[in-house]
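1. kindly generate the corresponding structure for this input.
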Amino acid sequence: MNLDEDSLVIVVRHGERIDEVDRDMWRKMKDHGVVNPNDPPLTATGKDQSITAGSHIKERLIAEGIDVNEVSLPVSHPQVMH
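-> Residues are numbered from 1 along each chain as shown. Okay, the predicted model is just below:
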């Protein structure tokens, strides 16, 4: 990927995770194999936060005159980054 002066990079951190809010629930989920033990799911609040962040980003892109249908959305996960 070539970045030039017209490139815009937006980095967003995930929303609220279950392991940060309810450690007992997280432990039960892991112990019963409900989830990947290295990938805690978002809480309902975290999901709402991610939707809100996406909406704000979309509004900002549109305000900047960027065609949101032409935006590349690479997603990375800490487990795949070395």
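
2. going forward, measure contacts between C-alpha atoms and count neighbours the same way
-> Noted.

3. for the residue nearest the centre of the chain, helix, strand, or coil?
-> With distances taken as Cα atoms, centre = their mean, the residue of the chain nearest its centroid is residue 14 (4.0 Å). On the three-state scheme (DSSP: H, G, I helix; E, B strand; the rest coil), residue 14 is labelled coil.

4. from residue 30, how far off is it?
-> Remark: distance between residue 14 and residue 30 (Cα to Cα, to the nearest Å) = 20 Å.

5. tell me the phi and psi of the residue nearest to the centre of the chain?
-> phi -60, psi 170 (degrees, to the nearest 10).

6. likewise for residue 36?
-> Dihedral angles of residue 36 (phi, psi; degrees, to the nearest 10) stand at phi -70, psi 120.

7. what's the answer for residue 37, then?
-> Backbone torsions of residue 37, given as degrees, to the nearest 10, read phi -60, psi -10.

8. what of residue 17?
-> phi -110, psi 150.

9. I'd say it and residue 47 touch.
-> No: under the criterion of Cα atoms under 8 Å, residue 17 is not in contact with residue 47, lying 9.1 Å apart.

10. quick check: mean pLDDT of stretch 43-61?
-> Per-residue pLDDT values over stretch 43-61 give a mean of 91.

11. can you pull the buried residues of the helix or strand where residue 61 lies?
-> According to DSSP states H and E, residue 61 maps onto helix 44-63. For helix 44-63, the neighbour count (16 or more other Cα atoms under 10 Å) marks 46-47, 49-50, 53, 58 as buried.
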